[in-house]
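**Q** no sequence on this one, just coordinates:
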């Protein structure tokens, strides 16, 4: 496919102002904290969100692990709120939250009140979780997490649409979700996961390393079960000469803890989408959409041991150079 750069990327950015979180054709940034003290980490997260907004990204996501797990946060919902406070346009989503660690009603209330403070700028994603450490710290049985997730997902999705039973519906923020629901997605690593998401009417979030064939398989199951929400592919991207050594170090780290069930569906070449030009990066991402069935992207640029200034440069360049090409190409696939 031959890409044409829009006449003005300002026009492309303007088109995304006020866009619904976690929607079709959106391109968001996954926020990753760098090492350092807690104040330094939080300042870095805020700086990334501000850069993303200025460069034309649609939104940002924060994700969850505990116990100082490298490059993750123990409080993604709270941090999402801070990022919204420090920006003006983009949306923020704790995505995914490890739902089995909590009572669904407490998470629903917090999300609803955050949405009341920032109308139209809050989304949420949910996952079962795969690290035993997270569950040990919360005194939750790791083996119970799937059952807890299956029980909680229909309840929290109903509540965040304003369809909770009493006494939850008496909460004014949850009641307001009837007219202003919080957009939601669920992590999608298996046919069962995408069926659950389809049945409760929310979108799906694909693993960053899934093969395109596996993604297409899950997309088809999702559609067959009535799913019509966003199908968001997570991918790590880099514009320009790739930091290959850092990529390999990152992959070694992932392999050290990712469940075997997930790694069985990983594919070579999915660890980094790269290109020397914005057109090359956009074309390779569009291939993920065409062959895998994705209709939106959540992009990673963080890499272990890559300096913060290099990451910041990628956030700006991808926003200014790649997104103005990729977004209209994604939209054209739906026509």
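**A** The structure has been received and is ready for your questions. Since we're looking at a predicted model, the values are computed, not measured.
**Q** residue 265 touches residue 206, doesn't it?
**A** No: applying CB atoms under 8 Å, one finds residue 265 not in contact with residue 206, separated by 10.1 Å. To be clear about C-beta, it is placed using only N, CA and C from the backbone, and glycine gets the same treatment.
**Q** out of these two, which sits in the busier spot?
**A** Neighbour totals were compared for residue 265 and residue 206, and residue 206 leads with 27 against 18 (other CB atoms under 10 Å).
**Q** so where do the helices sit in the chain?
**A** 9-15, 38-55, 76-85, 104-117, 132-137, 145-159, 172-176, 191-199, 212-224, 244-257, 260-263, 278-292, 308-317, 323-333 (DSSP state H).
**Q** how about residue 199: what's its closest non-neighbour residue?
**A** Leaving out its chain neighbours, the residue that sits closest to residue 199 by CB to CB, 6 or more residues apart in numbering is residue 225, at 6.4 Å.
**Q** that neighbour and residue 188, how far apart?
**A** 12 Å (CB to CB, to the nearest Å).
**Q** for the two, list the residues in contact with both.
**A** Shared contacts of residue 225 and residue 188 (CB atoms under 8 Å, 6 or more residues apart in numbering): residue 194.
**Q** the more surrounded of these two?
**A** The neighbour comparison of residue 225 against residue 188 (other CB under 10 Å) goes to residue 188, with 30 against 14.
**Q** pretty sure that one sits against residue 204.
**A** Yes: at 3.8 Å, residue 188 and residue 204 qualify as touching, with contact defined as CB under 8 Å.
**Q** list the residues that contact both of those two?
**A** Contacts common to residue 188 and residue 204, judged by CB under 8 Å, 6+ apart, are 194, 197, 218, 222.
**Q** coming back round to it: who wins for proximity to residue 65 among the helices of the chain?
**A** Judged by CB to CB, the one of those that comes nearest to residue 65 is helix 132-137, at 5.9 Å.
**Q** not counting the closest one itself, show me its contacts.
**A** Under CB under 8 Å, 6+ apart, the answer for helix 132-137 is 64-67, 69, 98, 100-101, 129, 141-142, 145.
**Q** stretch 304-312 too?
**A** 34, 44, 47-48, 51, 70-71, 243, 246, 249-250, 253, 301-303.
**Q** any chance of the helices of the chain in CSV, plus mean pLDDT?
**A** As requested, these are arranged in CSV below (pLDDT from 0 to 100):
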stretch, mean pLDDT
helix 9-15, 37
helix 38-55, 96
helix 76-85, 97
helix 104-117, 98
helix 132-137, 95
helix 145-159, 98
helix 172-176, 96
helix 191-199, 98
helix 212-224, 96
helix 244-257, 76
helix 260-263, 73
helix 278-292, 97
helix 308-317, 96
helix 323-333, 95
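**Q** export those to JSON lines and tack on distance to residue 235?
**A** Formatted as JSON lines, the helices of the chain follow (distance: least, CB to CB, whole Å):
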{"stretch": "helix 9-15", "distance to residue 235": "20"}
{"stretch": "helix 38-55", "distance to residue 235": "16"}
{"stretch": "helix 76-85", "distance to residue 235": "20"}
{"stretch": "helix 104-117", "distance to residue 235": "26"}
{"stretch": "helix 132-137", "distance to residue 235": "24"}
{"stretch": "helix 145-159", "distance to residue 235": "25"}
{"stretch": "helix 172-176", "distance to residue 235": "34"}
{"stretch": "helix 191-199", "distance to residue 235": "18"}
{"stretch": "helix 212-224", "distance to residue 235": "11"}
{"stretch": "helix 244-257", "distance to residue 235": "13"}
{"stretch": "helix 260-263", "distance to residue 235": "15"}
{"stretch": "helix 278-292", "distance to residue 235": "6"}
{"stretch": "helix 308-317", "distance to residue 235": "13"}
{"stretch": "helix 323-333", "distance to residue 235": "11"}
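**Q** among those, which is nearest residue 29?
**A** Closest to residue 29 of the helices of the chain, according to CB to CB: helix 38-55, at 4.6 Å.
**Q** who are the packing partners of the closest one?
**A** For helix 38-55, the packing partners by 3 or more CB pairs under 8 Å, 6 or more residues apart in numbering; DSSP states H and E come out as strand 27-30, strand 59-62, helix 76-85, helix 308-317.
**Q** just those: most buried one?
**A** For the helices and strands packed on helix 38-55, the largest average neighbour count (mean count of other CB atoms under 10 Å) is found in strand 59-62, namely a mean of 28.
**Q** how far does it sit from its chain's centre?
**A** 6 Å (CA atoms, centre = their mean, to the nearest Å).
**Q** grab the longest strand from the protein for me.
**A** In the chain, with assignment by DSSP state E, the single longest strand is strand 231-239.
**Q** for residue 68, see how far away residue 122 is.
**A** Separation of residue 122 from residue 68 (CB to CB): 27 Å.
**Q** and if you look at residue 210?
**A** Counting by CB to CB, the separation of residue 210 from residue 68 is 27 Å.
**Q** show me which of these two is the more surrounded one.
**A** Counted by other CB under 10 Å, residue 210 and residue 68 do not tie: residue 210 has more neighbours, with 24 against 9.
**Q** surely that one meets residue 264?
**A** No: Residue 210 lies out of contact with residue 264 (CB under 8 Å); the separation is 10.3 Å.
**Q** contacting residues for the residue nearest to residue 199?
**A** Contacts of residue 225 by CB under 8 Å, 6+ apart are 194-195, 198-199.
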